[in-house]
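with the sequence up front, the predicted model follows.
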Amino acid sequence: QVQLVESGGGLVQAGGSLRLSCVASGRLFSGYTMNWFRQAPGKEREFVASVTWIGLTRYYGDSVKGRFTISRDSAKNTVYLQMNSLKPEDTAVYYCNAHLSTRDDYWGQGTQVTVSS
């Protein structure tokens, strides 16, 4: 079992920045990929960014490339999402996900990010 707890969401003006954190606990192996997804009201869940647990490979969704950066601190069992140049369309609930397989797939409770224009 893996437990994930997100934090760092809030209200920010357009152009501002936020950093989300996801603290992981439990049986987290190096094979896990850590992901951030988001879901806005009335929309499907959208992939934002991913990083392998050993931190060598990163991917980003097209809508956040160049603005968001995913990183992880293995000593703290924490994954971060640095969000810069935020836009109103970034408003969503952001979820942390740890994925190893169909069976080993875990989600946090989500953290709300609201960007005002």
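The structure has been received and is ready for your questions. These figures come from a predicted structure and were not determined experimentally.

wait, a strand at L28?
No. Secondary structure of L28 (DSSP: H, G, I helix; E, B strand; the rest coil): coil, not part of a strand.

that one: what's it in contact with?
2, 53, 77, 98 (Cβ atoms under 8 Å, 6 or more residues apart in numbering). Bear in mind the C-beta positions are built from the backbone N, C-alpha and C, glycine included.

give the contact list for the spatially most central residue of the chain.
In the chain, the centroid-proximal residue (Cα atoms, centre = their mean) is W36; its distance is 2.8 Å. Going by Cβ under 8 Å, 6+ apart, W36 touches 20, 22, 48-50, 70, 79, 81, 94-97.

among those, which lie within strands?
Using DSSP state E, the members of the contacts of W36 that fall within strands are 20, 22, 48-50, 70, 79, 81, 94-97.

doesn't S25 belong to a strand?
Yes. Secondary structure of S25, determined by three-state DSSP: located in a strand.

what's the distance between it and S71?
Distance of S25 to S71, given as Cβ to Cβ, to the nearest Å: 19 Å.

do the same with L11
In terms of Cβ to Cβ, L11 sits 24 Å off from S71.

okay, those two: which has more neighbours?
Per other Cβ atoms under 10 Å, whichever of L11 and S71 has more neighbours is S71, with 15 against 12.

which residues touch the more buried one?
When contacts are counted by Cβ under 8 Å, 6+ apart, S71 touches 51, 55, 79-80, 82.

of those residues - the most surrounded one?
V79 (28 neighbours).

pretty sure that residue contacts A24?
Yes. Counting by Cβ atoms under 8 Å, V79 sits close enough to A24 to count as a contact (7.0 Å).

shared neighbours, those two?
34, 96.

pLDDT at T102, what is it?
Per-residue confidence (pLDDT) for T102: 91.

actually, R27.
Reported pLDDT for R27: 77.

I'd assumed V2 was in contact with it.
Yes. Here R27 reaches V2: they are 6.4 Å apart, a contact under Cβ under 8 Å.
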